[in-house]
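In: Sequence and predicted structure, then a few things I'm wondering about:
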Amino acid sequence: MRIAHTCVADIVSLSEAIETLVHDGDSVALEGFTHLIPFAAGHEILRQGRRELELIRMTPDVVFDQMIGMGAARKLVFSYGGNPGVGSLHRFRDAIEHGWPRPIEIEEHSHAGMANRYAAGAALLPFAVMRGYTGTDLMRRTQVKPITCPFTGEELVAVPALRPDVAIVHAQEADRDGNVQLWGIPGVQKEAVLAARRSLVTVERVVDTLARRPGGVVIPGWVIDAVAPAPRGSRPSYSLGITERDNDFYKYWDSVSRDRDAFRQWMDSHVLAQETATL
Amino acid sequence: MSATPAEVQTVVAARRLREAESVFIGVGRPSTAAILARLVHNPGLVLVYESGTIGAKPQRVPLSIGDGELAESADLIVSVPEMFNYWIGTGRIQVAFLGAAQIDRRANLNSTVIGDYDHPQTRLPGAGGAPEIATGCREVVVIAPHSRRTFVERLDFLTTTGGRTTHVITDLGVLEPGADGELTLTQLHPDVSTEQVRDATGWELKMADQVRMTDPPTGEELAALRELVER
């Protein structure tokens, strides 16, 4: 399949993409719902020393635990801050409970709230309408307002659209014009790209032509700013059909991240001292 | 070898799905129970995971809701907005299995914070899908360890409402809402006394007139569970 269009996404190195697209103080969404989590991009943001970020992710997961623990975030927008199947995200907890390494502002939603916020952002609408939040303490702790249906009078809630400065997602492949295809669990990747003002897709591989997959999600290059090759760039998450989720790493992270010094040492040697993936 | 309390809890949770069409599950014991139900009681049971996998047929207990095996074995995979708006919010999924750090007598749940919200003693993961799962699915079954830490008089934070909860399955017994909506002990697991359950509950727990005894796990149930966990 070829998507013919004159306006295509630039295929650049990951370091160049982060340098160009992510600035200090930006709101940055890194999406991927347990699958296709853009770890390589998160690590490159840390290597380039970006600060004061508003980090946005439904499930912060280990990647945001690392970014929060390194002090890169001033604010976190999320809906579930756990290490899936393992327990706590210790750096996330330490930041909220003790302000280490710096205090962090939080804005939390339910998954349905976050998903609808992205969908409204992708549609360039100001808000989304949904049933939810009613009767919970979240109502007074987050951005959600009651709204009455103008047709039926039903009481619903509105959540504001998410429009991140930058969205970064990972996918299995792109063609040379930067058209992207991902398959397996699609999460909110397409919504995040379309909701954001700028977007980067990191990919396992660049191919001559995309071979369409059943259930595959194609994001055309003309809505993406940059595509950067990042083989194995979602590990310890995974890219279905190419890499496998490293469940042992998620368990191992629990011990590394419990201790501040052990965490910093691990990040120094496994992230900061590593070479950036290049073309 | 006789069953441990955790095994009894899982087996009892699996039995709840004997007649169910579909069940929404997270990770941990609820997931083990639902996979066991498919193996032993109800091969047609549709397993739905938050990650978007509908009709997943895992052969092992997944660590995360997004493990590759769930995606590869699913009947269909949908995006997160579709999952919540078309499938969960509409009542198309019959039963939901939920867990929580705290539960009160109305089956309201807390999975957000222990202590004050702004200065938490323990920051928990947060809502995830639970609030809308609990109001979207037709029936909610809570699976929780029975202790005063979990069964509290007053929640520190109300994350998820308990209005659709039909059963709370613990490692000591089963609680169901009475006519007034308050959780009542209706079933005791083998070798557990009502005093034990009272002691492990942070409020004055109501007892049903006739508290039933849980049928012990059968050899088949226990063998299937142990084999599943070993995989």
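Out: On my side now, so go ahead. What you see is a predicted model; the values in this text were computed from it and never measured.

In: and the stretch 101-250 of chain A, which residues reach chain B?
Out: Neighbours of chain B within the stretch 101-250 of chain A, by C-beta under 8 Å from any C-beta of the partner chain: A:108-112, A:114-116, A:118-119, A:130-138, A:141, A:184-188, A:190-191, A:215, A:217, A:238, A:240, A:244-245, A:247, A:250. From N, CA and C alone the C-beta is placed, and that goes for glycine too.

In: Return, as residue ranges, the portions of the stretch 151-279 of chain A with sub-threshold pLDDT.
Out: A:276-279 (pLDDT under 70).

In: Show me the strands in it, by range?
Out: A:155-160, A:166-175, A:180-182, A:198-207, A:217-219, A:226-229 (DSSP state E, counting those that start in this stretch).

In: Please convert these to CSV, extending it with distance to residue A:126 and mean neighbour count.
Out: Output for these, formatted as CSV (distance: least, C-beta to C-beta, whole Å; neighbours: other C-beta atoms under 10 Å in any protein chain shown):
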stretch, distance to residue A:126, mean neighbour count
strand A:155-160, 7, 18
strand A:166-175, 18, 27
strand A:180-182, 28, 26
strand A:198-207, 20, 22
strand A:217-219, 24, 19
strand A:226-229, 28, 26
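
In: okay if I get these as CSV plus distance to residue B:12?
Out: Putting those into CSV (distance: least, C-beta to C-beta, whole Å) gives the following:
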stretch, distance to residue B:12
strand A:155-160, 35
strand A:166-175, 41
strand A:180-182, 40
strand A:198-207, 44
strand A:217-219, 40
strand A:226-229, 50
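
In: closest one to residue A:91 among those strands?
Out: strand A:166-175 (19.6 Å; C-beta to C-beta).

In: What's the end-to-end length of stretch B:134-149?
Out: Stretch B:134-149 has its terminal residues 22 Å apart, counting by C-alpha to C-alpha, to the nearest Å.

In: That stretch and chain A, any residue contact?
Out: Yes: using C-beta under 8 Å from any C-beta, stretch B:134-149 reaches chain A at B:135-136.

In: What about the residues of the stretch 101-250 of chain A next to chain B, which are in helices?
Out: Secondary structure from DSSP state H places A:111-112, A:114-116, A:118-119, A:190-191, A:247, A:250 of those in helices.

In: In ChimeraX, select just the buried ones from the residues of the stretch 101-250 of chain A next to chain B.
Out: To isolate the buried ones among those in ChimeraX, judged by 16 or more other C-beta atoms under 10 Å in any protein chain shown, type:
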select /A:108,109,110,111,112,114,115,116,118,119,130,131,132,133,134,135,136,137,138,141,184,185,186,187,188,190,191,217,238,240,245,247,250
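
In: most residues in a single strand of chain B, which one?
Out: Longest strand in chain B, counting residues (DSSP state E): strand B:206-213.

In: what packs against that one?
Out: strand B:183-188 (3 or more C-beta pairs under 8 Å, 6 or more residues apart in numbering or on different chains; DSSP states H and E).

In: Can you tell me the SS state at residue B:220?
Out: Three-state call for residue B:220 (DSSP: H, G, I helix; E, B strand; the rest coil): helix.

In: Just want the phi and psi numbers for the closest residue to it other than its chain neighbours.
Out: The shortest distance from residue B:220 to any non-neighbouring residue, by C-beta to C-beta, 6 or more residues apart in numbering or on different chains, is to residue B:40 (6.5 Å). Main-chain torsions, residue B:40, degrees, to the nearest 10: phi -100, psi -40.

In: In contact with residue B:40, which residues are there?
Out: By C-beta atoms under 8 Å, 6 or more residues apart in numbering or on different chains, the contact set of residue B:40 is B:14, B:220-221, B:224.

In: With chain A as the reference, measure out to it.
Out: Counting by C-beta to the nearest C-beta, to the nearest Å, the gap from residue B:40 to chain A is 23 Å.

In: who touches residue 156 in this structure?
Out: By default, I'm working from chain A. Taking C-beta under 8 Å, 6+ apart as the test, what residue A:156 contacts is A:129-131, A:146-149.

In: let's do chain B instead
Out: Neighbours of residue B:156 in contact, by C-beta under 8 Å, 6+ apart: B:102, B:110, B:112-116.

In: redo that, cut-off 6 Å
Out: Contact partners of residue B:156, counting by C-beta atoms under 6 Å, 6 or more residues apart in numbering or on different chains, are B:110, B:113-114.

In: Which element, helix or strand, includes residue B:131?
Out: Using DSSP states H and E, the element containing residue B:131 is helix B:130-136.

In: Note down every partner strand of whichever helix or strand comes after that helix and its orientation.
Out: Per DSSP H and E, the first helix or strand lying C-terminal to helix B:130-136 is strand B:139-143. Here strand B:139-143 has these sheet partners by DSSP bridges: strand B:95-98 (parallel), strand B:165-169 (parallel).

In: Can you tell me which of the ones you listed is most buried?
Out: Across the strands paired with strand B:139-143, averaging neighbours per residue (mean count of other C-beta atoms under 10 Å in any protein chain shown) puts strand B:95-98 on top, at a mean of 26.

In: wouldn't residue A:199 be in contact with residue A:168 here?
Out: No: using C-beta atoms under 6 Å, residue A:199 makes no contact with residue A:168, being 7.4 Å away.

In: among the contacts of residue B:156, who's most crowded?
Out: residue B:113 (26 neighbours; other C-beta atoms under 10 Å in any protein chain shown).

In: The nearest residue to that residue once chain neighbours are set aside and residue B:133, how far apart?
Out: Of all residues not flanking residue B:113 in the chain, residue B:120 sits nearest, at 4.5 Å (C-beta to C-beta, 6+ apart). Residue B:120 sits 24 Å away from residue B:133, going by C-beta to C-beta, to the nearest Å.
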